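J.: sequence? don't have it. structure:
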C-alpha cells in the first residue's frame, strides 16, 4: 500500500470510529442523509458495491441489509477486523490509491472517507482514477469530502471558537488543507463544493452533482445536544434539522453550511 500518515493511522486505531455516526445527533443526521442520498442513486440490489475506506463497516451493514453484495477495503487493521464480523461483508486491507480489483468489476464505488485524509491533490486523483478503473461502464461513484467551512460551525457548536488556539486552527482550516495532531482531529483536507466536483469530473466521471449531507442546521442540533447533555436524535429538533437538509438540497448556495459534501457521478457508459 501507499504510505498512510502515521497520525491518521494512530487516530483510527484508537478512536471509536464504529460509534461516530450513532453516538450523537449530528452523527446520526450524517448517517441518515448519506443513506438517503445513496439509496436514491445506487443501482438496484444485488448490485456489487466496493466500499473503499469503509472503516468498521457502518455503511456496509445497512447496504448488506438492503440486499447489496459488499466488499470493503480499508487501510486500518482494526477496521478490517470489525468489518469482517458483519455477516455478508467481505473485508480486506487496502488503499484507495491502489485497489486490488479487476477493471470494470463493480456496479458502485463508495469513497466515503479516503478523500478526507489525502491532502495532496495527486493522491486524491489516484484514488478517483482507481475508482473509475474498477467501475463498470455506467457505474456509480459516491465520493465524500469534509466541507471547508465545517470547522467554523463545529467549534462554534462546541462553544470554544473564541479561544485563541481554536480560532487560529479554524482560520488555517478555512484557508485550505490543515494538519492537526490533537486527540480529536487528524490530518485532513477540507474541500470546497466546486473543488470536489471538479476533481471528480476531471477523473473522467460524468453528470457530477455535489450535495450537502447534513444541511444548514446540523451545528444548531449539535450545540443543543451539548447544552442538553443528552442525546437528541429522537427529538423534534432532530426532525427539523433533517427536514432542513432535505429542503436545502436544490440550493447550491447552501452547500457551504453542511459539514460533509457528497459528490455523485457515473462512469461513462
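T.: Looks like it arrived, so ask away. Every value quoted in this text rests on a predicted model; they were computed, and no experiment measured them.
J.: Which strands or helices does the helix or strand harbouring residue 27 pack on?
T.: Under DSSP states H and E, the secondary-structure element containing residue 27 is helix 25-39. Helix 25-39 is packed against helix 58-65, strand 135-147, helix 218-228, helix 236-248, strand 260-266, with contacts defined by 3 or more CB pairs under 8 Å, 6 or more residues apart in numbering; DSSP states H and E. For every residue, glycine as well, the C-beta is placed using N, CA and C.
J.: Tabulate the ones you listed (JSON lines), appending distance to residue 162 and mean neighbour count.
T.: Supplementary listing: the helices and strands packed on helix 25-39 in JSON lines, determined by distance: least, CB to CB, whole Å; neighbours: other CB atoms under 10 Å:
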{"stretch": "helix 58-65", "distance to residue 162": "33", "mean neighbour count": "20"}
{"stretch": "strand 135-147", "distance to residue 162": "21", "mean neighbour count": "22"}
{"stretch": "helix 218-228", "distance to residue 162": "14", "mean neighbour count": "19"}
{"stretch": "helix 236-248", "distance to residue 162": "24", "mean neighbour count": "17"}
{"stretch": "strand 260-266", "distance to residue 162": "25", "mean neighbour count": "22"}
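J.: looking at the ones you listed, which is closest to residue 24?
T.: Proximity of the helices and strands packed on helix 25-39 to residue 24 was assessed by CB to CB; the nearest stretch is helix 218-228, lying at 6.4 Å.
J.: quick one: average pLDDT of stretch 220-231?
T.: Predicted confidence along stretch 220-231 averages 96 (mean pLDDT).
J.: who touches it?
T.: Outside stretch 220-231, the residues that touch it by CB atoms under 8 Å, 6 or more residues apart in numbering are 24-26, 29, 154, 156-159, 232, 237-238, 241.
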